[in-house]
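> Sequence below, structure please.
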Amino acid sequence: MATGTSRMIFINLAVEDLGRSVDFFTKLGFSFNPQFTDEHATCMIVSDQAFVMLLVKSRFQDFTKKELVDSTAQTEAILALSAESREQVDELADKALEAGGTAANEPMEMDFMYSRSFNDPDGHLWELVWMDPSALQQ
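From the prediction side, this is the model:
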């Protein structure tokens with residue numbers, strides 16, 4: 001695999017109710033690509049290089065032979081998003097809770113990093129992380 005190459009990432013998540021998921025993530029400030037949206041799926045834009053495909057469970061099941069986990073009871077992944085500041089971590093986490101998400105863990109505070117986490121309405125675990133840029137340079 002080549003290193004140093006700019007790559008795109010597409011994360012696929014199974015959701016119970018696509019409309020509910022779109023409403024939730026819209027309240028957090030995300031937008032969606034209408035070219036990849038229908039009644040079974042949508043493409044949430046995280047950045048120019050990162051996307052989350054939200055697929056109703058029956059559509060998600062078309063892409064795997066494995067059994068789907070119950071994301072309200074099991075963790076299949078932790079999805080971490082960077083934030084530009086501590087304040088943005090708190091702002092996005094608070095928006096997630098106001099929009100119907102649930103708190104996942106206590107905030108984590110380290111000398112160089114601050115994070116908060118939440119579960120989306122389908123139980124997927126998300127982390128919001130800010131790292132002190134000056135600490136990263138050391």
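> Thr102 versus His124, what's the distance?
According to CB to CB, to the nearest Å, His124 and Thr102 sit 11 Å apart. No exception for glycine: its C-beta is placed from N, CA and C like everyone else's.
> what's the domain layout of this protein?
7-59, 77-138 (automatic domain parsing).
> any idea which of those domains scores lowest on pLDDT?
Least confidently modelled of the domains of the chain is domain 77-138, at a mean of 94 by mean pLDDT.
> thinking Ile78 is in contact with Val129, fair?
No: look at Ile78 against Val129 with CB atoms under 8 Å: they stay out of range, at 10.5 Å.
> Pick out whichever of these two has more residues nearby.
Val129 (15 against 12; other CB atoms under 10 Å).
> Beta-bridge partners for the nearest residue to the more buried one once chain neighbours are set aside, please?
In space, Val129 comes closest to Ser115 once its chain neighbours are excluded; the distance is 4.4 Å by CB to CB, 6 or more residues apart in numbering. Per DSSP bridges, the residues bridged to Ser115 are Met108, Val129.
> Could you check how far Ser115 is from Leu81?
Distance from Ser115 to Leu81, counting by CB to CB: 10 Å.
> Give me the distance between stretch 84-99 and the centre of its chain.
Here stretch 84-99 shows a centroid-to-chain-centroid distance of 13 Å under the convention CA atoms, centre = their mean, to the nearest Å.
> Over to stretch 68-78?
For stretch 68-78, the distance to the chain centre is 13 Å (CA atoms, centre = their mean).
> got a list of what Glu98 touches?
Applying CB atoms under 8 Å, 6 or more residues apart in numbering to Glu98 gives the contacts Lys27.
> scratch that, Ala73
Contacts here follow CB under 8 Å, 6+ apart; on that basis Ala73 touches Gly123.
> still on that earlier bit, where do the contact lists of Ser115 and Leu81 overlap?
Both Ser115 and Leu81 are contacted by Glu127, Leu128, Val129, under the criterion CB under 8 Å, 6+ apart.
> all strands of this structure, in order?
Assigned by DSSP state E, the strands in the chain fall at 9-15, 31-33, 41-45, 50-56, 78-82, 102-103, 108-109, 113-119, 125-131.
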